[in-house]
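Undergrad: need a structure here:
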Amino acid sequence: MLEIKVTLDKTEARDYLEQREIHIDLSDKLVMHATESGTTCGFGVISIGGGSAEIDEICCEGDVDYIMGKSLLNLIDNAGIDTVYCSNERIKPLLLRLRFKEDGQAGRFALNLAGYFESGC
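TA: Got it, this is the predicted structure:
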């Protein structure tokens, strides 16, 4: 069974991402960890502040990336934040599946969560 939870120990996330040539400082980030039957299958990383959130990274095995994206958005929505940004071009196809739109700033995508989870996922 797939489980996605917030993790406080970011060591495994750092190692997992670095093995995939993704180098990101996790010290001030919120990290979610995906596991299936006890085996790691990915991580999601966000920053929250100033009334908005930023998806910094989603790196998962297979289609778990979509489920991780939805989980991150749900966490952000539950925190009362409506505006989410992402400037990670590597995950652009995933962002489009999650209904992000380019916001006019080069390489940046935005999503307004107002009503997002009420209109069907």
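
Undergrad: what's the longest strand in the protein?
TA: strand 39-49 (DSSP state E).

Undergrad: Now do the buried residues in that one.
TA: Going by neighbour count (16 or more other CB atoms under 10 Å), the buried part of strand 39-49 is 41-46, 48. In short, each C-beta sits where N, CA and C put it, glycine included.

Undergrad: Can you give the strand pairings for it, parallel or anti for each?
TA: strand 30-36 (antiparallel), strand 52-60 (antiparallel) (DSSP bridges).

Undergrad: Just give me the closest of the buried residues of strand 39-49 to L17.
TA: Ranked by distance to L17 (CB to CB), the buried residues of strand 39-49 are led by F43 at 6.5 Å.

Undergrad: Just give the nearest non-adjacent residue to that closest one, would you?
TA: Leaving aside its chain neighbours, F43 sits nearest to A13 (4.5 Å; criterion: CB to CB, 6 or more residues apart in numbering).

Undergrad: check contacts around that neighbour.
TA: Counting by CB atoms under 8 Å, 6 or more residues apart in numbering, A13 touches 7, 26, 31, 33, 43, 45.

Undergrad: of these, closest to Y116?
TA: V45 (19.9 Å).

Undergrad: Could you say which of the strands paired with strand 39-49 is packed most deeply?
TA: Highest mean neighbour count of the strands paired with strand 39-49: strand 52-60, a mean of 22 (counted as mean count of other CB atoms under 10 Å).

Undergrad: who touches that one?
TA: 16-17, 20, 22, 24, 29, 34, 41-48, 65, 67-69, 72, 76, 79, 81, 83-88, 91, 94-95.

Undergrad: just how off-centre is it within its chain?
TA: 3 Å (CA atoms, centre = their mean, to the nearest Å).

Undergrad: if we can go back for a sec, could you give the mean pLDDT of the longest strand of the chain?
TA: Average pLDDT, strand 39-49: 97.
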